[in-house]
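**Q** sequence unknown, structure follows:
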C-alpha cells in the first residue's frame, strides 16, 4: 500500500532532500508540495536536479486537501512552523523539521528562540525524533519533532556515554564543524561562496547556539541531573557534513564499549575500529553516522568523533526514518543508499 | 533471480562507484571484488564510505571462480585491461570500463594509446557501450566497451545533430570542463588539492586528448564521411561532473528539434527548455544527462551544452545500464536515484 | 610626494581590493573611503582582513572634501556611477571601475545596459582603460573607464591578433570561465556557496553578456570594420580568476609571433612557451596576465588562452595601474607582488 | 645594502612562499635556489606563478658558493635538514624551517621523530624562532629554528596566558583545523583533491601529533613546571590557514587582558574586540595573526581562537621575520602585505 505525503516548505534544502529520498522509496509517494512564495511554479524550476521526477506543482498550504494525506512533513522556518501546524487537521500525522517542537519546556523555548511558544499544548504532545533512542514513542506519535542537525550529531556521541555513566558529566566539550547547507538557502552575506570558500571560522561563541537547548534537555533527562556542555560550532567551506569532535573525561575503552553496546544492532550507525576517526566525506548524501573513539595521551581523557550528513541523517533522512515508523513501514525503507564518494 | 557479478579493479573510483550503485540494485549482487595490490584487505579499509555493506574481501583476479559469475566489470587501467580480459573465460559477459575496446580500428588504438593492441580479435567483437545509441547490440553482446567520460558527454550533444544533418560537420568545437575524479585515484602532483583547488586550466591543448579517437570513429561512422572535431578539455577544482560547451553552425531551432526527437523517450536524458543551460551540480551522483540549447547572436550559430557526472553516467552508471541490458533486466534498474544537491 | 586618493564604493570587493593594493603603494595614501549604506562604520568591521591598517572611517560621498583629493576611484554600480561622477568637481582625476564609461557610443550603452546614459558628454571624454594599449591617452586623461574583467581577458588575447591581421575576424569564439567574485558581494541565490560549490555552468547564453559591447567597439575600431565575437561565460566555484579559451582560425606560429611582439616589453604580461597553457592559480592575487598558444590538430586553427585575476588585473589592479600613469608615477608602483600559490 | 640569501629546498611550498615574500623585500635578494632533484630546472617550470621574476636556476646545494651568502633558509624535510646544516659553513647564518632544531632536548626529539638527532651540538645552539617571544636571542643567533605551523598558532594563544597565570594549566584543549598545504607537496592519497575536497576529518588522534613536542617544551619552560595540552588536528579542504580553537579554564576578561598586554605593540598580532572570533579567510597570504576571546556560558571557562596562514606566519613569513632580525633589518620589512580576500 502506498502512502501519500505532503511536504510543506518544499523550496528549501531540507524539502528538496525529502523529495530526493522519497523518490526512491518503495511505499511513499508525494501527493502535495507547498511553498508559499513559489506556489504555481514547478519543482523543476526551483530545483533543476529534480526535473526527471513527476511531481505535483508547488501550491499554497491552503490548497492542499489533507484528507488524502497520510503524513505531512513540515520543512518550514521555526515560529512559522508552529503557526502552520496549529492550523492543520488535528489527526494528521506530522514530522516537523523545524526547531519548534524540539524542546518540551515553553520557557526553555522562549529563552533560546526569543519568542513565546504559540502552541504549548502541541509542544507537550510532540515526541523527540532522534529515532535510535525513541523508537516506540515515535511509532505511536502523531507529531514528531526532528532534531537539530548539530544536536543529532552531539547526541550520537554522548547519549550512550551519559546513560552508561562512563564520563565526567561536568566536563564535556563539543567542538562542532558544520557545512554551509545547515544554514539553509537564505541570502546572507556570510553564506556567499566568495566569503566562505577558502576560509573557516567559529560562530555562536561562548556556547550560545540554540541547539544547546536540546542538549541541555536531553542530556539532563538521561542523567537525572543537570548536564551542561560547552559547544562551539564552526562554519566550513563545504556543502554537506557535520563533524563533532568531543572531548570527554573517562576511560576510552569503557567509552568504546558503551558505544558498541548502544549501536551494535543499529542499521545506520557505524562504530569504527578503536583509534580510527571518521570523515564527513564518507557519509555524505547518506543516512549513516560514523563514530570513532581514541584515547588521549593524558590519562583518563578520550576523544569521540561523530560524522553525519546534516541534510540527510541530520534532518530529512531522519525525518523519513521517523515517518517510516509512524506509517508502520520498515524503518530503513528508502534510506539505505550508500554515501557519495568522492 | 539474482545475478552475480565480479568487479575487477575495485580499489579505484569507478570500482567504488559500481559498488555504490549495485548496493541498491534489486537483482544484482557482488560476488567478487578484485584488486591486485590490495588483495586481502576489506573494502571498508580502502573505501570507508562503503563500510555499512557486506562485501567480499578483496582478492586477486586469479582467485575468482568465474563459473559462478554472470557478468564481470573490468575497471582496470587501459592496456592491463586487454591482457586480463584475454585470459578470462571466453563465454563470460564483460563490461569493460577502460579505453581498450572503445576503438574498433587497431591502428587508431595504437595511434592514440601508444602501444599495439594485444587482443585484436576481441577488439572486433566488442560493442561500443553508449547505451542510448546502441541498445540492441549491447543486449546481445558478450563484451561491451564503456565509453570515455568526455567522449560520452560530447556524443550526447553531437550524435543526434550529425545524424539529423543539422550542423556544419567541419566546424565543431567542444570546450570541455572536467572534474578531477576523471583522472582517477592516481598520485600525481597536479591532482593534489593544493595544486588544483582555487585554480583551473586547459590541458591536452591542440586536440591531442585520447578521447578524440572515439569522437573521430563514432562521428565519421554516423556521417558516412570523416568528421574531426576540435576538443579542449579543462581541469576543474571539483570532484564530479563534466560540462561540454559545444559550438556549432546550424539553426538552433532545428538543433533543438533534433535533440528533442532523439531523446523524447529516454529515461536518463533531460532536454532543458530552449535557451536554458545545464549545471553539473544538478546531475551529480546520478545517471542523468542534462542538455541545453541556445541561439547565438551571430546568425546560424548555436551553443549546445551537456552536463553529466563523469563517474556515474560517464562511467560506472553507464556500465551498469549496459549490464542491465546484457542480463535481460530493466535498463533503469538501480539507476534512478536523484542527483545530490546541494 | 604622496598623493591622496578617495575610494567611492569602498564596501564592495573591488573597493577592498584597491585598499589592499594601495596599502603597499609607496606614493599613494587613502584619504577618504565612502560607502553610503555603511557610512560611520570602520573598514575593519566591513572587511576584517584590513583591520591592521589605519584607514579613514567610512563616510558618505557628500562628506568628502575633494579639494584635498588628487585622484578618485569610483567602485560603484553602473548607472549610480555616472550620476555620482557627474556631480564631482569637474577637474578631479577619476578612475571609474563601473561599466558606465566603457562604451563611447550612447546607443550601444543603452542597448547593453537598458537605460539611457545620463552623462553623454563625459562618456565622450572618458578614455578606455586597458592600460597596455592606451598608455598615452590614459596618462593625459581626466576620466578613465576601467574595463570589464571578462572584456580585459579577451582583449589581451585578441587585440594583437586583430591588429596583426593573423586571424579570421569572422570566426572568433571566446569560451570564458569566471570566478564568482566577478559578480560582487551581492546577495543572490546563485552566488551562495551551497549553490555554486561543486558545480559549474554557463550563463548569458547566446552571446548576450554585456561585456560584448566592449568587444564589439574595441575590436571593430582596431580592425576598421565590424568584428563580432561569440562569447560564452561560465561561472566557476572559485573566488578569483578568469580563463579565456579562445578559438581562432589562423597560423598558430604567426599568432604566437604577434603576441610576442605585442608583449615583449610588458611588465605584467607573460607569454608562455609555445604549446603551454596558463592556470588561474598562477596569477591569483596579482596583476599578471599569463597567455598560452597552441596549434590545433585541424589545420589553420589555434587555441589561445589567457588567465588573469578578475579583481586585480581585471579590475582594481588595472585601476591602480591607470592611476599611476595619471599621477605621473611609475606604472608598476605597488603592483609587482607575486601571485599567491597555493 | 642588499643582503644575499640562499634557499635550500626551493621546490616545496615553503620554498616558493619564501621566494614570493622576498621578491617584494627592499633589502634582500635571492642569490641561490637549491633543489636536489630539480637542479638545472628554472623556477618558472617548477612554480609557474613565479615566472615574472628573474631568479637563479635551481642548483644542487654543493654548487652554492656560501661565501657570497649572508643568510641561508633551509626548507628541507626534517632529518635531511640536520644533515645538510651540519655540513654548511660554521659561521653561516641559518633559518631552518624544518622540525630538526625546534626541540632542545635530544631525547624529546627522538621520541617524537623516531630517529636520534645527528647534530646534538647544533641542537643546543639553535634558538627557537617564535619571533614575538624571542626577539633578542633571535637577533643574536646564528641558527634559528622555525616553529611548527600548528605549534605557532597554539602558542600565540597560550604563551601569554600561561605567563600571566590566568588559566588552569592542567586542562587545556587545542582543537586545531589545518589547511592542506601544511602537509607540503607530497604525493599522498589523502592529499588528493578528490579525497579531501567536500570532506574533513581529524587525524593524529589522542594527542600524538609531533608538534606536541614543541608545546610541551615551551609551555613547561614558561610555567616552570610540566604542562601538557590535549591537541587534535583536523585536515580541512582549503589550501591555506590554521584555526586553533582553544578551550581553557579561567576568567575570560583576565585572559583578554593578558593577551592585550602581550600584543598591544605587536605589528603582526591583532586582538579582536572581546567576543568576536577570527576567520582564516581574513589572514590568508599575510603575516598577521588574528585572535579572539569569548566567555563561555559555563562559569570560569573561556574560548580563545587564533587564525594565521600556515605558509606565511606559520612558516615562511615567520622565517623572513627572523631573518630580518638576524640581518639587522626592520623586523617588518617585506611582510606588511594585506591578506588576500576574497
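**A** Sure, I can see it. The model shown is predicted, which means the values in this text are computed figures rather than measured ones.
**Q** which SS class is residue A:6?
**A** Following DSSP: H, G, I helix; E, B strand; the rest coil, we place residue A:6 in the strand state.
**Q** quick check: pLDDT value at whichever residue of the stretch 101-250 of chain A sits closest to chain B.
**A** Nearest residue of the stretch 101-250 of chain A to chain B: residue A:239, at 4.6 Å (CB to the nearest CB). From N, CA and C alone the C-beta is placed, and that goes for glycine too. On the pLDDT scale, residue A:239 is placed at 97.
**Q** in this structure it contacts residue C:199, no?
**A** No: with contact defined as CB atoms under 8 Å, residue A:239 and residue C:199 do not form a contacting pair (9.7 Å).
**Q** before we move on, back to that, quickly find the element holding the residue of the stretch 101-250 of chain A closest to chain B.
**A** Using DSSP states H and E, residue A:239 sits in no helix or strand.
**Q** what number of residues lie near the closest residue to it other than its chain neighbours?
**A** Leaving aside its sequence neighbours, residue A:239 sits nearest to residue B:342 (CB to CB, 6 or more residues apart in numbering or on different chains; 4.6 Å). Residues within reach of residue B:342, counting by other CB atoms under 10 Å in any protein chain shown, total 24.
**Q** looking at chain A, which helix is longest?
**A** Ranked by residue count under DSSP state H, the longest helix found in chain A is helix A:149-163.
**Q** tell me the SS of residue A:190?
**A** Applying three-state DSSP to residue A:190 yields a three-state assignment of helix.
**Q** oh, that last question was meant for residue A:109, not what I typed.
**A** Assignment for residue A:109 (three-state DSSP): helix.
**Q** from what I can see it touches residue A:119, true?
**A** No: in this structure residue A:109 lies outside contact range of residue A:119 using CB under 8 Å: 10.3 Å.
**Q** please identify every residue contacting each of the two.
**A** residue A:100 (CB atoms under 8 Å, 6 or more residues apart in numbering or on different chains).
**Q** between the two, which is the more surrounded one?
**A** Neighbours of residue A:109 and residue A:119, each counted by other CB under 10 Å, are more numerous for residue A:109; the result is 24 against 20.
**Q** quick check: that one vs chain D, distance?
**A** Distance, residue A:109 to chain D, using CB to the nearest CB, to the nearest Å: 17 Å.
**Q** and for residue A:36?
**A** Going from residue A:36 to chain D by CB to the nearest CB gives 32 Å.
**Q** tell me the pLDDT of the residue nearest to that residue when sequence neighbours are not counted.
**A** Excluding its sequence neighbours, the residue lying closest to residue A:36 (CB to CB, 6+ apart) is residue A:60, at 5.7 Å. For residue A:60, the pLDDT comes out at 98.
**Q** residue A:60 contacts residue A:39, doesn't it?
**A** Yes: with contacts counted by CB under 8 Å, residue A:60 reaches residue A:39, the gap being 4.6 Å.
**Q** residues near residue A:2, how many?
**A** Look at residue A:2: counted by other CB under 10 Å, it has 11 neighbours.
**Q** so what's the nearest residue to it once chain neighbours are set aside bridging to?
**A** Leaving aside its sequence neighbours, residue A:2 sits nearest to residue A:29 (CB to CB, 6+ apart; 5.3 Å). Under DSSP bridges, the beta-bridge partners of residue A:29 are residue A:4.
**Q** for the residue nearest to residue A:239, helix, strand, or coil?
**A** Assigned with three-state DSSP, residue B:342 falls in the coil class.
**Q** dump the residue contacts of it.
**A** If you count contacts by CB under 8 Å, 6+ apart, then residue B:342 has A:13, A:181, A:239, A:240, B:281, C:194, C:195, C:197, C:198 around it.
**Q** most neighbours, which of these?
**A** Within the contacts of residue B:342, most neighbours by other CB under 10 Å means residue A:240, with 32 neighbours.
**Q** show me where the stretch 151-300 of chain A has its helices.
**A** Assigned by DSSP state H, counting those that start in this stretch, the helices in the stretch 151-300 of chain A fall at A:193-196, A:211-223, A:252-263.
**Q** likewise for the stretch 1-150 of chain A?
**A** A:13-22, A:43-46, A:80-86, A:106-113, A:120-125, A:135-139, A:149-163.
**Q** give the other helices and strands that the last one contacts.
**A** Spelled out, that is helix A:149-163. strand A:173-178, helix A:211-223, strand A:230-235, strand A:242-249, helix A:252-263, strand A:289-295, strand A:301-308 (3 or more CB pairs under 8 Å, 6 or more residues apart in numbering or on different chains; DSSP states H and E).
**Q** picking up where we left off before, residues in contact with the residue of the stretch 101-250 of chain A closest to chain B?
**A** A:179, A:180, A:181, B:342, C:193, C:194, C:197, C:198, D:198.
**Q** isn't residue A:322 up against residue A:133?
**A** No: between residue A:322 and residue A:133 there is no contact under CB under 8 Å: 11.9 Å.
**Q** which one's more surrounded, the two?
**A** More neighbours surround residue A:322 than the other of residue A:322 and residue A:133, with 29 against 17 (other CB under 10 Å).
**Q** ok so that one is a helix residue?
**A** Yes: membership of residue A:322 in a helix is supported by three-state DSSP.
**Q** mind checking how far it is from residue A:2?
**A** Separation of residue A:322 from residue A:2 (CB to CB, to the nearest Å): 18 Å.
**Q** can you give me phi and psi for residue A:64?
**A** phi -80, psi 130 (degrees, to the nearest 10).
**Q** burial check on the closest residue to it other than its chain neighbours, number of neighbours?
**A** In this structure, residue A:64 finds its nearest non-sequential neighbour in residue A:32, 4.5 Å apart by CB to CB, 6+ apart. Residue A:32: 23 surrounding residues under other CB under 10 Å.
**Q** touching, residue A:32 and residue A:55? I think so.
**A** No: checked against CB under 8 Å, the pair residue A:32 and residue A:55 is beyond contact range at 9.8 Å.
**Q** quick revisit: tabulate the contacts of residue A:239 in TSV, adding columns for pLDDT and distance to residue D:221.
**A** What follows is these, written out as TSV (pLDDT from 0 to 100; distance: CB to CB, whole Å):
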residue	pLDDT	distance to residue D:221
A:179	97	40
A:180	96	41
A:181	96	45
B:342	97	48
C:193	96	43
C:194	96	46
C:197	92	44
C:198	89	47
D:198	89	41
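**Q** ok, how many other residues are close to residue A:165?
**A** Count around residue A:165 with other CB under 10 Å applied: 12.
**Q** could you measure from it over to residue A:316?
**A** For residue A:165, the distance to residue A:316 - CB to CB - is 33 Å.
**Q** cool, residue A:310 as well?
**A** Counting by CB to CB - residue A:310 and residue A:316 are separated by 10 Å.
**Q** how about residue A:291?
**A** To residue A:316, residue A:291 is 21 Å away according to CB to CB.
**Q** which residues of the stretch 101-250 of chain A lie near chain C?
**A** A:180-181, A:185, A:187-189, A:191-198, A:237-239 (CB under 8 Å from any CB of the partner chain).
**Q** number of residues surrounding residue A:203?
**A** Neighbour count of residue A:203, defined by other CB under 10 Å: 15.
**Q** wait, it sits on residue A:210?
**A** No: the criterion here is CB under 8 Å, and residue A:203 misses it with residue A:210 at 11.9 Å.
**Q** and residue A:25, what does it touch?
**A** A:320, A:333, A:334.
**Q** in CSV, list those residues along with pLDDT and neighbour count.
**A** What follows is those, written out as CSV (pLDDT from 0 to 100; neighbours: other CB atoms under 10 Å in any protein chain shown):
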residue, pLDDT, neighbour count
A:320, 98, 27
A:333, 98, 17
A:334, 98, 21
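**Q** got those residues as CSV, with distance to residue C:256 columns?
**A** Shown next, in CSV, are the contacts of residue A:25 (distance: CB to CB, whole Å):
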residue, distance to residue C:256
A:320, 59
A:333, 62
A:334, 58
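**Q** who in chain A is up against chain B?
**A** A:13, A:16, A:19-20, A:23-24, A:47-53, A:181, A:198, A:239-240, A:267-268, A:270, A:272, A:278-279, A:281-286, A:288, A:290, A:336-342.
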